[in-house]
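Student: Got a predicted structure plus its sequence, pasted below:
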Amino acid sequence: MTFLIVIGCIALYMGYFFYARQKNAQRTALVNQTDFKTEFTKAESYRKQFLDSDGAFLKKAMKQERIDAINYANIEYSVTDSLKDGMKNKLKGMATLGTVRFRSVHTPKYLVLSGDTLHLFDTDTDGEIDTHLTFSPLELRESHLIEYPLKGQEKAQAEARGNNIRAYKISLKTDKQPLELIIYSSLIFTNIPEVPGSPEEAVRDIIVANDFLKQLGDLYPNLRVELPIR
């Protein structure tokens, strides 16, 4: 009986795996057929759609300040970092004699362009904003943005959204060391394995992120990149 249950669970898992894979392939194919030049003219509408739904909390956080562009942000996280976190978490667990399990958590971060100022919001494990940093025009003129090679998890996340997704490393000037973040030409959280629920949502996320890159580059030529959808 137990053997049959195990076989049944494996069959269900494999069935779901192939179903999800097929749905992802269908969504990606539809996204790749999109006329992004036309869709990009609707950037303001797509941004409003996002702010009225997934990004509603950002409007609240910005209070009366305008929101001109939005993108997600990620910390640079390599396999080596993952192994280090695993070791640190294991040592912490040993320190508590195994009574507490530790797991490093990377929470969502958001970039908001308002006028000539860039805002960075970081969240806690409950999804609430716990850090709000701002970068002035002077700091942004001394910042850098370069294309970031896609590999591993970053590549998989990008390819799940279409053929035209690029990643970038932005180094933001601070009083101390530069703050380095990974951003995409789509709304992507690298360490959260999720994909858009529909082709329309995927297109929206791509337009919103590309609009952020364009507006940032228009304001600060040192942060300008060639948009992958233009």
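Tutor: Structure's in. What do you need? Numbering: from 1, shown residues only.
Student: how about the helices in the protein?
Tutor: Per DSSP state H, the chain carries helices over the ranges 2-32, 36-39, 43-51, 56-62, 79-95, 137-141, 152-159, 199-219.
Student: Least confident of those helices, on average?
Tutor: Note on these: lowest mean pLDDT is at helix 79-95, with a mean of 43.
Student: list the contacts for the residue nearest to residue 144 when sequence neighbours are not counted?
Tutor: Take residue 144 and drop its neighbours on the chain: the residue closest to it by C-beta to C-beta, 6 or more residues apart in numbering is residue 171, 4.5 Å away. For the C-beta atoms, the positions are set from N, CA and C on the backbone; glycine is no exception. For residue 171, the contact set (C-beta atoms under 8 Å, 6 or more residues apart in numbering) comprises 143-145, 178-180.
Student: Among those residues, which ones are in strands?
Tutor: 144-145, 179-180 (DSSP state E).
Student: Report the buried members of the residues you listed.
Tutor: 145, 179 (16 or more other C-beta atoms under 10 Å).
Student: Can you tell me which of the ones in strands among the contacts of residue 171 lies closest to residue 187?
Tutor: Comparing the ones in strands among the contacts of residue 171 against residue 187 with C-beta to C-beta places residue 145 closest, at 17.2 Å.
Student: Just list whatever residues bridge to the residue nearest to residue 135 when sequence neighbours are not counted.
Tutor: Nearest residue to residue 135, sequence neighbours excluded (C-beta to C-beta, 6+ apart): residue 118, at 4.3 Å. Listed beta-bridge partners, residue 118: residue 113, residue 135 (assigned using DSSP bridges).
Student: ok, residue 118 - contacts?
Tutor: Going by C-beta under 8 Å, 6+ apart, the list of residues near residue 118 reads 111-112, 134-135, 140, 172, 216.
Student: try residue 120
Tutor: Residue 120 touches 73, 109-112, 131-135, 172, 179, 181, counting by C-beta under 8 Å, 6+ apart.
Student: count of residues packed around residue 222?
Tutor: 11 (other C-beta atoms under 10 Å).
Student: Would you mind stating the distance between residue 220 and residue 144?
Tutor: Noted for residue 220: a distance of 10 Å to residue 144, by C-beta to C-beta, to the nearest Å.
Student: Correction: the previous question concerned residue 126.
Tutor: Counting by C-beta to C-beta, the gap from residue 126 to residue 144 is 33 Å.
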